[in-house]
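The following comprises the amino acid sequence and a computationally predicted model.
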Amino acid sequence: MHHVFISGPVAVRTWIYFDDLFNLNCFNIHLSLNMLLKAWFINSKGHIRNCIPCLILWFLWLERNNSIFNGVKMNRINVIQRIKDKILALVNVNLFTLKSFSNYFHITSSLGISWLKPPNALKVLYWIKPPSNGFKLNVHGSDTGCGGLIRNSYGHLIIAFTGSIHNGNKDYAIGLAILYGIQLCITLNLTNLFIEVTYSFNISPFKNLVEVCFDPNNFYVVREIKK
């Protein structure tokens, strides 16, 4: 278990990410779990420093189970993002407040938290799974970046990806996310792909990206999927 929670490559990079974020300089792969938790915990009920280690352990465990039972390679990016998503969800239901980040208010922006306006109420979204033996690529884009998730027909995560853009164009970001997701599917030999976009975008930049940036084989794959 020490390998899963502390000394494994995914665990190490996850702990180091949050260690650097909080500027604790306490992580060491030779520490026992008890010693590592003592280094994080402080005497303040509901403080973020007391929550982060628990979330790290929980999502490392889920990632390990996903790897063993579903054959999905463990990925630190998935673990870190799921921790951030959980923190944001707790903020949105007021289980974390400004007091929870006492002395660490400066890290909230790195966690995707904005205190400039009241937290938005949770919004329920329904994900429709693809047909049996199919895969779904969900993508999203913004003025500064793009990303996506590929899941199988059981809803199990296959891989996630993110990227940054520099021209501030949402259409470009969406097109880039679709193309990169398709490339990953080709690399992983995933067929019967369905694409779901969370933002209405102009298809023209997407076409240009295919023609300029990628080889003909990928172009024809994209063209067929678009049909």
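Looks like it arrived, so ask away.

show me where the protein has strands.
Assigned by DSSP state E, the chain shows strands spanning 135-141, 145-152, 157-164, 193-197.

buried stuff in the last one?
Buried positions in strand 193-197, judged by neighbour count with 16 or more other CB atoms under 10 Å: 193, 195, 197. Any C-beta I mention is one placed from the backbone N, CA and C, and that applies to glycine too.

for the residues you listed, which one is nearest residue 109?
residue 197 (27.0 Å; CB to CB).

just to revisit the earlier point, could I get the buried residues of strand 193-197 as a markdown table with distance to residue 72 and pLDDT?
Shown next, in a markdown table, are the buried residues of strand 193-197 (distance: CB to CB, whole Å; pLDDT from 0 to 100):
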| residue | distance to residue 72 | pLDDT |
| --- | --- | --- |
| 193 | 17 | 88 |
| 195 | 20 | 87 |
| 197 | 23 | 82 |
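
In JSON lines, list those along with distance to residue 181.
JSON lines is the format used below for the buried residues of strand 193-197 (distance: CB to CB, whole Å):
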{"residue": "193", "distance to residue 181": "8"}
{"residue": "195", "distance to residue 181": "7"}
{"residue": "197", "distance to residue 181": "11"}
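
pLDDT at the residue nearest the centre of the chain, what is it?
Nearest residue to the geometric centre of the chain (CA atoms, centre = their mean): residue 81, 3.8 Å. Predicted confidence (pLDDT) for residue 81: 95.

show me the contacts for it.
Applying CB atoms under 8 Å, 6 or more residues apart in numbering, we find residue 81 in contact with residue 160.

For the remainder of this discussion, apply numbering that starts at 146.
Fine by me, first position is 146 from now on; the one you just mentioned is residue 226.

where does this structure have low pLDDT?
The chain contains residues with pLDDT under 70 at 261-267, 311-314, 343-372.

Domain map for it?
Each domain of the chain is listed here as a residue range: 147-256, 280-371, per automatic domain parsing.

Distance across the first one, terminal residue to terminal residue?
Distances were taken as CA to CA, to the nearest Å; on that basis the terminal residues of domain 147-256 are 27 Å apart.

Next up, phi/psi of residue 186, please.
Torsion angles at residue 186 (phi, psi; degrees, to the nearest 10) stand at phi -70, psi 140.

neighbours around it, how many?
Counted with other CB atoms under 10 Å, the neighbours of residue 186 add up to 15.

Could you list which residues are in contact with it?
194, 195, 198.
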